Every structure is written in C-alpha cells, then in structure tokens.
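Colleague: Have a look; sequence and predicted model below, questions after that.
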Amino acid sequence: MPRTDRIPTTAPRSRRGTPCAHRYELAADVKAPRLLRPWIAARLAGWHLHGLSDDLVLIATELATNAVRHGGTPARITLVLRCPGTGRRVVRLEVEDSGPGFDPRSRTHPVRLQSCSGRGLLLVDTLSSAWGVRPTATGQLVWAELPT
C-alpha cells in the first residue's frame, strides 16, 4: 500500500503555509478505516487542532466503515480546514464512494443499544455540528463538520 502521508493537497495553502485540504484514498476493505486514525491525528496536529482528534477520528472511521461495507468500493476521504466569513474555523470531513448510496431519513427500524452495529450515523449526528449526504456523479458523498 502506498504511503498516504505524502498525498499532495488539493486545496490552497493557508497564510502560514500549511495545506488547507488533504485527501486519502481508502481501500475497499473493512479493516482499512483504522488507517485513518494516525492520518487524521497528523493532519490536525499540522493545523494545531489536537483537541478535535478523538471526535473526528470516530466520525471518520464510522463514515469510512459505512462506505467500504455498504458501498463495496474504495473511498476518498477529504479533510478540509475552512474559515467561513464569520471568522469561525470549521473542519470538514468528506467520505466519497461509488456505491449505491442511501437516504438517511429512510431508516425504518430503531437502533438497539445492545447492538454492536447500526449506531454510526447516530454518533456522527451527536458529535458533529452539521452533517449530510449528497449524490455525486459516481456515487455519494457523506460529510460532517466540527467547529474548531
């Protein structure tokens, strides 16, 4: 597997010269999402945002696991540091795959607390300030944001 800590950035650099966006190509393997943990920690450290690591890693691994498990395809993970016009910085995580997609409102059965699965989107909803799903030309993109 190629080293992912050297993947070129896809967005402009901030005034301090640090990349504002990073991409990670995730294999279509249910064990692959665990590889996001050190990658995210390193990106956040580069932005001096160590305090977001635990929540963002959990959100990322939940969304990436859904992508490879239900989409059955490799996924592209994008981590972006955004500075909206309000002066508030936001970290946005995007997970894109070419699977069939889903509508999160279509969930018809409640999540059982004793279940070992099915709670991922509940965790994403609880930990993020906003999240959503949108179709892409080849599949879907699920995103989540956390204020810094």
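Modeller: Arrived safely, thanks for sending.

Colleague: Identify the residues contacting the longest helix seen in the chain?
Modeller: Ranked by residue count and defined by DSSP state H, the top helix of the chain is helix 53-66. Residues from elsewhere that reach helix 53-66 (C-beta atoms under 8 Å, 6 or more residues apart in numbering): 26, 30, 32-34, 36-37, 40-41, 44, 75, 77, 91, 93, 95, 120-121, 123-124, 127-128, 142, 144, 146. In short, each C-beta sits where N, CA and C put it, glycine included.

Colleague: Likewise for stretch 34-41?
Modeller: Applying C-beta under 8 Å, 6+ apart, the contact partners of stretch 34-41 are 4-5, 22, 24, 26, 53, 56-57, 60-61, 64, 77, 79.

Colleague: Buried members of those into PyMOL, please.
Modeller: Here is the PyMOL selection string for the buried members of those, based on 16 or more other C-beta atoms under 10 Å:
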select buried, resi 4+22+24+26+53+56+57+60+61+64+77+79
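
Colleague: picking up where we left off before, how far is the longest helix of the chain from where the chain is centred?
Modeller: Here helix 53-66 shows a centroid-to-chain-centroid distance of 6 Å under the convention C-alpha atoms, centre = their mean, to the nearest Å.

Colleague: Dump it to CSV, restricted to CA.
Modeller: Only the C-alpha atoms of helix 53-66 are listed here, as CSV (Å, rounded to 0.1, in the frame of the first residue of the first chain):
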residue,chain,number,x,y,z
SER,A,53,-8.8,14.3,17.2
ASP,A,54,-11.0,11.9,19.2
ASP,A,55,-14.3,13.1,17.8
LEU,A,56,-13.1,13.5,14.3
VAL,A,57,-11.4,10.1,14.3
LEU,A,58,-14.6,8.4,15.5
ILE,A,59,-16.7,10.2,12.8
ALA,A,60,-14.2,9.4,10.1
THR,A,61,-14.0,5.7,11.0
GLU,A,62,-17.8,5.4,11.2
LEU,A,63,-18.4,7.0,7.8
ALA,A,64,-15.5,5.2,6.1
THR,A,65,-16.6,1.9,7.5
ASN,A,66,-20.1,2.5,6.1
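
Colleague: Can you give the strand pairings for the helix or strand just after that helix, parallel or anti for each?
Modeller: The helix or strand immediately downstream of helix 53-66 is strand 75-82, counting by DSSP states H and E. Neighbouring strands of strand 75-82 in its sheet, by DSSP bridges, are strand 21-26 (antiparallel), strand 90-97 (antiparallel).
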